[in-house]
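Colleague: Need coordinates for the following:
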Amino acid sequence: MDEYEIEQSNLLDGIESMARQHCYTDQICKLYNNIPETNITDSGASSANAEALRELAQHGRFRIVREYGRMVIGYWPENDPEKKKQEVI
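Modeller: Next up, the predicted model:
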């Protein structure tokens with residue numbers, strides 16, 4: 001890893017840490033647009049949180065399933081049901 005990649009990784013680590021503290025992960029099954037979701041995370045309609053989750057998604061650290069303006073909804077890798085399905089195969 002070169003110096004730029006290390007700096008980028010450190011920056012993403014900071015963004016991820018902030019997002020994990022500020023964005024809510026619901027551990028109970030919840031309906032989003034009548035679709036049941038468990039362990040799903042949302043930005044809480046905060047533009048800063050939404051932008052952080054979008055940036056993390058571009059680098060594979062978060063998967064967005066839906067978004068509506070400032071509300072970004074998706075999964076951290078350890079909660080992602082799609083990733084869990086791939087691991088089973």
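Colleague: Now do the helices in the chain.
Modeller: 3-22, 47-58, 81-88 (DSSP state H).
Colleague: Setting aside sequence neighbours, what's the nearest residue to residue 47?
Modeller: residue 70 (4.8 Å; C-beta to C-beta, 6 or more residues apart in numbering). For every residue, glycine as well, the C-beta is placed using N, CA and C.
Colleague: Test my guess that that neighbour contacts residue 48.
Modeller: No - between residue 70 and residue 48 there is no contact under C-beta atoms under 8 Å: 9.0 Å.
Colleague: buried set for stretch 12-20?
Modeller: 12, 15, 16, 19 (16 or more other C-beta atoms under 10 Å).
Colleague: Take those and write them to a markdown table, including pLDDT.
Modeller: Shown next, in a markdown table, are the buried residues of stretch 12-20 (pLDDT from 0 to 100):
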| residue | pLDDT |
| --- | --- |
| 12 | 97 |
| 15 | 97 |
| 16 | 97 |
| 19 | 97 |
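Colleague: Contacts only, for the residue nearest to the spatial centre of the chain.
Modeller: The residue lying closest to the centre of the chain (C-alpha atoms, centre = their mean) is residue 62, at 3.5 Å. Shown in contact with residue 62 (C-beta atoms under 8 Å, 6 or more residues apart in numbering): 16, 19, 41, 53, 56, 74, 75, 76, 77.
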